[in-house]
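Novice: Show me how the following folds:
(one chain, ligands or ions: 1)
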Amino acid sequence: MATISRLHINGRDVPLQADGERQLLAILRDELGLTGCKAGCGEGQCGACTVLVDGKPVRSCITDVGSVAERKIRTIEGLAEKEDALHPVQQAFLDADALQCGYCTCGMILSAVALLEKHPKPTEAQFLEAMDGNICRCGVYNRIRDAVKRASE
Ligand code: FES
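Specialist: Next comes the predicted model:
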C-alpha cells in the first residue's frame, strides 16, 4: 500500500507521512498523540481501540491506516464540541459512574455515540447489538447501560 500524506481526524486535515499498511491504532497513539484509543487484544475482539470512521465504530488495531486515508475519523479527543463541556455521552458515562479502571471507556463511548447517532432512542436489542463488541473487564455493564440510557433521554 502506498505512503499516505494526511488523515482527516476530528474535523481537521492532519499532515503525516506513513506507510499505508501501518496499524491505525499505532498511528493515532504513537504519531499523533491521540491516546484515548487503547491497545487491548490487538485482534479486533475487545473494542478498546474503537474509533469512528465515517460515523461507524472501527477497530483501529486491525485497520490499516491507508484504508481510511480518505475517510473521516473521530476519536474521543474530538467528541466534545466545546472546550468547557463534555459530549453528552461522555457526561452520561460520568454521571452514571459507568467506568471502573477506565481502559475500555473510550471505546465504549465511541460505540455508544455511533449507536445514538443512528438510533437516538435505541431498543434493548439495538443497544446490545451495538455494544456487543466492547468488553469491560471490570464488568460495569449495568452502569454502561444506564449511561447510554441517560444519554438517550
Ligand atoms: Fe482492538 Fe481489542 S485492541 S479490538
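
Novice: so who does residue 126 touch?
Specialist: By Cβ atoms under 8 Å, 6 or more residues apart in numbering, the residues touching residue 126 are 115, 119. Where you see a C-beta, it was placed from the backbone N, CA and C, and this is true even at glycine.

Novice: With residue 77 instead?
Specialist: The contact partners of residue 77, taken as Cβ under 8 Å, 6+ apart, are 10, 34, 36.

Novice: same check, this time on residue 16
Specialist: Neighbours of residue 16 in contact, by Cβ under 8 Å, 6+ apart: 4-7, 27, 31-32.

Novice: Pull out the buried members of these.
Specialist: Buried subset of these (neighbour count, 16 or more other Cβ atoms under 10 Å): 4, 7, 27, 32.

Novice: Tell me how many other residues crowd the residue lying closest to residue 36 once chain neighbours are set aside.
Specialist: Once flanking residues are discounted, residue 36 sits nearest to residue 76: 3.5 Å by Cβ to Cβ, 6 or more residues apart in numbering. Using other Cβ atoms under 10 Å, residue 76 has 22 neighbouring residues.

Novice: Done for today, thanks.
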